[in-house]
Structures are given as structure tokens and as C-alpha cells.
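Asks: Show me the folded form of this:
(chains A and B)
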Amino acid sequence: MEALRALPGGRLLTLRFEDFFVDPERQLGLLAEFLGHGFADEGWSARCAASVVQARSSWHTLPAGLADALTAACLPGFEALRRSGVRYEL
Amino acid sequence: MGVPTFVVGTGRCGSTMISNMLRDHPDVLSISEFFSLVTDGSRTSELFSRRPLDGRQFWTIIAAVTPFISFQLRQQRRRPVELLYPYDAPRARYSLRTGVPALLLITLPHLADDPHRLFDLLQAEVRAWPVAPISHHYRRLFGWLAELFGKCLWVERSGASLGRIGQLLGLFPEARFIHIVRDGRDVALSMRADKGFRIAYVTNAIAQHLGMDPIGSADRTFVDRVPAELRPFLPERFDPDALDAFDIPVPSCGAS
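Replies: This next block holds a predicted model:
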């Protein structure tokens, strides 16, 4: 992830998978804008938004102790994401 | 052909969905799992080499039947849904017995209903190319495919590609990246349930005890060092039932 953070501006787009289920059109708009001028396409965006199927978040269903242990194991990853401006609720 | 663009992530992070969306875009060629499958995890010295090579040599590299993915697929009772090539169909040109060229497992069937025709067209084209650095061959390959499908930009996406960014920048210094992130806890649980990941997990664990890749080498000098619970997963005696029963601790998936 350090290699990504070192890229000059405009060469990295970070998208959260979970956000595609909340507001797919906005994520698709960001994607098209990053690809370049002329890549915005309403028909494409509408088709893709309609195809999104909610993915399950399964870690919430773990027993509390195990969920805490998993969260602790993931902390370095969450911290690296936080440095890149991406936050998850712990 | 636009700026080289890569979708990167940890694996099990949802990037396949992005590849599928990009495939539907009228101007984008969506190249799915090219680098992950042709590198096969460990063939990086060949794929990211700076040594110039001709089209025949390049084709030999990208159309290879690769050992680790072939091993992984042979240990699974059913074809994983993400493996688009129907190697389990009657009269398939390539089966697990013959070995399936890595390029055909996902990348070409993701683009075309008749992946064999595309594979043959590509072979005739690539093998005629003159000596050039491998980065030129990749650009020409992706550009040729984009032109064939009437697209003006290609975007490559491979699972578990976060660790390969330096190598990609070595080939494509001007590249840009779309990083797909997902809650690491869901990534960990998804990996833990995935057969391919489970096979990679036990194989890597054995490799650490043997001091070498157990699939690439038959040397078992240090086999006594492999703990009893991992021995059912030595390639020569791999037991799929034992894999189903094997417990990978949940936190260890989060740490990976």
C-alpha cells in the first residue's frame, strides 16, 4: 500500500467495496471520472448499478471474543488504510 | 491506447465485480486475472524480466500451463465459479488432465464466448512479433486485444495484486491504479472459506517446513519437519477431505 501512497496525484483512485451497495451510481461516477474525459456513460452506469447484489458482511456474526481477535489481527491493515484516508468502524 | 490502468486489491475484496462492470463499458477492455494467473504466484522473474525476447518466447511464457494453479484445481471437487474455462465439460479442448493454459482459465473467456478462437488468433499474432523488452510485448498484447474489441483503453485487474505494484510500475512507469478496499474482517472470512486460499495456506505452511516449494520440487529431505496435521497436504498425497476438516484460525486470516 506504501507504493500506492507514493504515487503522484491523480494516479490513484481508492474505492470502498461496501460503498457500491450504498450508492453505486456515485462510485461508478468516480470510476468513470478517473478513467478520463468521455468515459461517463449513463447507460453503462445504470446497467452496472442495477447489477449490484449486496454482499454479506459475515464478521458481525462471529462470537464476540473471536470478532475481537479478528479485529485485533486486522488492525495493521486498518491503520494502513486510515493513513490513506479510508476508515472502517472498529 | 490510453494510460495503463490496473485495479488492485487484497484478494476476496470485490474487485471481480469491478472487472465485470468494466467489461460492460463501451470503451474499456477489461482484462481479468492476467498477471495473477500467468505469474502463478512465483513466476515473477520470467514475467517481469528486463531481458528482451521475441514473440515466440513471450507466447511460451503467457500461454504456459502453470503448476500451482493446475495443482489447486486438481484438488477441488468442483470447478470454482470464477474459473470461466469449462475444463470439466465433455470434449473440452483442455482439461485438468491435459493442463489448461493460464491465459484461458479466466482472461480470454471473460472477453469472448469462443475463447479457443481468441487464443488461436492471439497465438498467430504474438508469435510473429520481433524481439523487444517484455513491457513492450504486454503493451502490444493488451493494445491488440483492445483494438480487436473496438476499445480505446485497457484495464487489468488481478486478485491479490497489492504486492505486485512495484513490479507493475517497473513495466508501466506511468500506470495509474484503482484500489478496491473491503473491510479486512470480511476479506479474512471470505479467504478462510475459499478452497483455493485454503490450498495455498497449507501449501505455504508446508513450504516453510520443507524449505522449498513442495509442488515445484520433489525433494523431501526435511519431510520429518512437517507437522503431522499438515502431512495430508503434501502434493503427492493431498487429501481433500482433510482440507475440509482443517481448521485455519480466524485471526491468522486477518493477519494475512
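
Asks: count of residues packed around residue B:57?
Replies: 16 (other C-beta atoms under 10 Å in any protein chain shown). For glycine as for every other residue, the C-beta is placed from the backbone atoms N, C-alpha and C.

Asks: Give me the nearest residue to residue B:158, chain neighbours excluded.
Replies: residue B:36 (3.7 Å; C-beta to C-beta, 6 or more residues apart in numbering or on different chains).

Asks: okay, and for the chain, where does confidence drop off?
Replies: No chain specified, so I'll use chain A. For chain A, no stretch is flagged by pLDDT under 70.

Asks: please go with chain B instead
Replies: B:255-256.

Asks: got the residue ranges for the helices in it?
Replies: Remark: helices assigned in chain B by DSSP state H are B:15-23, B:34-39, B:44-47, B:55-62, B:67-74, B:102-105, B:107-111, B:115-126, B:134-148, B:165-171, B:184-193, B:195-210, B:240-245, B:250-255.

Asks: what's the closest non-adjacent residue to residue B:34?
Replies: In space, residue B:34 is closest to residue B:107, 4.9 Å off (C-beta to C-beta, 6+ apart).

Asks: measure residue B:111 to chain A for me?
Replies: Distance from residue B:111 to chain A, counting by C-beta to the nearest C-beta, to the nearest Å: 17 Å.

Asks: now do residue B:231
Replies: For residue B:231, the distance to chain A - C-beta to the nearest C-beta - is 27 Å.

Asks: now residue B:32
Replies: 16 Å.

Asks: dump the residue contacts of the residue nearest the centre of chain B.
Replies: Residue closest to the average C-alpha location in chain B (C-alpha atoms, centre = their mean): residue B:37, at 1.9 Å. Residues in contact with residue B:37 (C-beta atoms under 8 Å, 6 or more residues apart in numbering or on different chains) are B:66, B:69, B:102, B:103, B:105, B:106, B:107, B:158.

Asks: do the same with residue A:38
Replies: Per C-beta under 8 Å, 6+ apart, neighbours of residue A:38: residue B:27.

Asks: quick one on the thing from earlier: out of the helices of chain B, which comes closest to residue B:7?
Replies: Comparing these against residue B:7 with C-beta to C-beta, the closest turns out to be helix B:15-23 (5.3 Å).

Asks: and the closest one, how far from the chain's centre?
Replies: Its chain's C-alpha centre and that of helix B:15-23 lie 16 Å apart, by C-alpha atoms, centre = their mean, to the nearest Å.

Asks: Contacts for that helix, please.
Replies: Residues contacting helix B:15-23 (C-beta under 8 Å, 6+ apart): A:15, A:17, A:20, A:28, A:31, A:48, A:51-52, B:7-9, B:28, B:30, B:32-33, B:82, B:110-111, B:155, B:157, B:159, B:178, B:180.

Asks: Stretch B:114-125 too?
Replies: Contacts for stretch B:114-125 (C-beta under 8 Å, 6+ apart): B:59, B:63, B:84-85, B:93, B:101, B:103-104, B:108-109, B:111-112, B:141, B:144-145, B:148.
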